[in-house]
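Asks: model the following, please.
(one chain, ligands or ions: 1)
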Amino acid sequence: MKRRPIKDKIHWLGAIDWDRRLFDSLIPLPDGTSYNAYLIEGSTHTALLDTVDPAMLDLLSKQLDGVATIDFIVSHHAEQDHSGAIPYVLARYPQAKVVTTPKAKALLMDHLHLPEETFVTVADGEILSLGDKTLRFIHTPWVHWPETMVTYLEEDQILFSCDFFGAHIAASDLFVTDQGRVYESAKRYFGEIMLPFRNIIAKNLEKLANLPLQMIAPSHGQIYDQPAWILEAYRDWVLQPPRNLVVLPFVSMHGSTRMMVDHLTAALTERGVTVELFNLVVADIGKLAMALVDAGTIVVGTPTVLAGPHPLAAHAAFLANALRPKAQYLSIIGSYGWGGKTVEALAGMIGNLKVEVLEPVLCKGMPEQTTYSALEHLADTIAQKHQESGFR
Ligand code: FEO
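Replies: Numbering: from 1, shown residues only. A predicted model of the protein is given here:
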């Protein structure tokens with residue numbers, strides 16, 4: 001695919017990765033992804049904003065044919081899916097300078113072994129003139145690494161946001177055409193990598209709040225030519241209280257834990273609490289991350305195996321602990337065969353979560369009436385806590 005104009009003297013370059021199904025050897029990509037770079041040709045200077053994943057360097061290389069000069073390579077983020085082709089671009093345009101934050105300079109030197117003299121670092125709010133086009137760099141740390149920044153193109157009112165507002169979608173249309181689909185993908189992306197940093201992201205959103213914006217051009221997914229809704233979605237995910245939602249990742253070995261999960265789900269539903277179940281044997285952890293964006297309560301359902309939680313439940317607890325969602329309550333339910341320390345082991349894995357732990361419900365073997373009564377009580381407690389907390 002050739003480079004494509006998005007406005008006068010502004011082109012999209014990059015790669016649409018239709019086939020990729022996993023990011024970071026961890027995150028599912030059901031819709032593929034893209035690595036977007038942008039070429040801005042001012043009257044005096046030309047800037048390339050980000051590059052592509054090195055696996056797709058050939059595409060970028062062809063798109064640069066006919067581009068006589070690049071004066072600046074703006075690197076918003078040092079992760080290699082955007083920075084990995086910088087060494088190639090520098091080799092092709094040896095006079096170019098890499099424009100980035102001081103923190104990104106250090107990271108790019110670590111990750112790509114770029115020489116120090118290649119860099120020009122920019123302060124928060126600093127301006128770079130390309131002649132008739134003006135780039136303003138805005139530091140937006142922790143979306144989702146510490147060094148990240150965005151670029152505002154003043155004359156065209158375009159925000160080049162890199163991972164911020166991104167969505168893992170492979171699509172031939174350059175601009176968003178299906179808002180519902182992009183909303184889901186962007187929320188999944190937010191849940192997977194941005195969620196732990198939402199307090200800092202709130203400050204970043206404030207910094208952007210007064211910018212007149214015609215477009216947001218991220219480095220994954222499609223360009224927002226009506227950007228108000230994605231800004232509003234981020235404000236919702238970052239700032240709003242949790243929803244009246246229980247997220248219930250579970251695993252069952254012989255069916256007893258599943259019986260408990262089903263009973264609790266029905267009891268919560270009867271009490272007006274929404275429940276999302278994730279059978280961890282088959283669950284898409286991206287969907288789990290997305291649900292955690294809104295969860296008021298997390299309930300982990302696990303049998304006891306080898307005297308502790310099932311490894312799949314431990315994996316889910318580890319992820320939830322790393323993602324630090326805004327859930328305020330947590331409980332554990334499950335069946336055990338003969339004994340063990342499942343609750344203690346799981347409780348030791350969730351130190352990052354600022355949650356009140358509600359009385360776990362464990363049973364030996366198949367659940368019986370006392371187990372179901374305890375689950376009903378847990379449902380009562382959750383419904384009451386959600387109401388008292390004002391969850392939406
Ligand atoms: Fe798309 Fe954090 O790299």
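Asks: residues in contact with the closest residue to the ligand within the chain?
Replies: Closest residue of the chain to the ligand, C-beta to the nearest ligand atom: residue 79 (3.7 Å). In this view, the C-beta of every residue, glycine as well, is placed from N, C-alpha and C. By C-beta atoms under 8 Å, 6 or more residues apart in numbering, the contact set of residue 79 is 145, 163.
Asks: again, only this time at 6 Å
Replies: Contacts for residue 79 (C-beta atoms under 6 Å, 6 or more residues apart in numbering) come out as none.
Asks: what about residue 249, neighbour count?
Replies: 27 (other C-beta atoms under 10 Å).
Asks: same deal with residue 200?
Replies: Residues near residue 200, counting by other C-beta under 10 Å: 17.
Asks: would you agree it falls within a strand?
Replies: No: assessed with DSSP: H, G, I helix; E, B strand; the rest coil, residue 200 is helix; it does not lie in a strand.
Asks: so what's residue 223 scoring on pLDDT?
Replies: You'll see residue 223 listed with a pLDDT of 98.
Asks: isn't it right up against residue 175?
Replies: Yes: counting by C-beta atoms under 6 Å, residue 175 is a contact partner of residue 223 at 5.0 Å.
Asks: who's more crowded, the two?
Replies: Neighbour totals were compared for residue 223 and residue 175, and residue 223 leads with 19 against 14 (other C-beta under 10 Å).
Asks: give the contact list for the residue lying closest to residue 274 once chain neighbours are set aside.
Replies: Sequence neighbours aside, residue 245 is the residue nearest to residue 274 in space, at 4.7 Å (criterion: C-beta to C-beta, 6 or more residues apart in numbering). Residues near residue 245 by C-beta under 6 Å, 6+ apart: 274, 294, 295, 296.
Asks: closest to residue 208 among these?
Replies: Comparing the contacts of residue 245 against residue 208 with C-beta to C-beta places residue 294 closest, at 22.9 Å.
Asks: my guess is the closest one contacts residue 243. True?
Replies: Yes: between residue 294 and residue 243 there is a contact at 4.2 Å, judged by C-beta under 6 Å.
Asks: tell me the pLDDT of the residue of the chain closest to the ligand.
Replies: Among the per-residue scores, residue 79 shows a pLDDT of 97.
Asks: quick check: it vs residue 124, distance?
Replies: Noted for residue 79: a distance of 20 Å to residue 124, by C-beta to C-beta, to the nearest Å.
Asks: same check on residue 25?
Replies: Distance from residue 25 to residue 124, counting by C-beta to C-beta: 33 Å.
Asks: okay, the two: which has more neighbours?
Replies: residue 124 (13 against 5).
Asks: give me the three-state assignment for the more buried one.
Replies: Counting by three-state DSSP, the backbone at residue 124 sits in coil.
Asks: what's near enough to touch it?
Replies: Counting by C-beta under 6 Å, 6+ apart, residue 124 touches residue 139.
Asks: now that we're looking at it, what pLDDT does it have?
Replies: Here the pLDDT value assigned to residue 124 is 98.
Asks: one more: residue 267?
Replies: Here the pLDDT value assigned to residue 267 is 98.
Asks: so it is in which element?
Replies: helix 256-270 (DSSP states H and E).
Asks: now swap in residue 354 and tell me
Replies: For residue 354, there is no host helix or strand (DSSP H and E).
Asks: same check, this time on residue 2
Replies: Per DSSP H and E, there is no helix or strand for residue 2.
Asks: angles on the backbone of the residue of the chain closest to the ligand, please.
Replies: phi -60, psi 150 (degrees, to the nearest 10).
Asks: for residue 22, see how far away it is.
Replies: For residue 79, the distance to residue 22 equals 15 Å [C-beta to C-beta].
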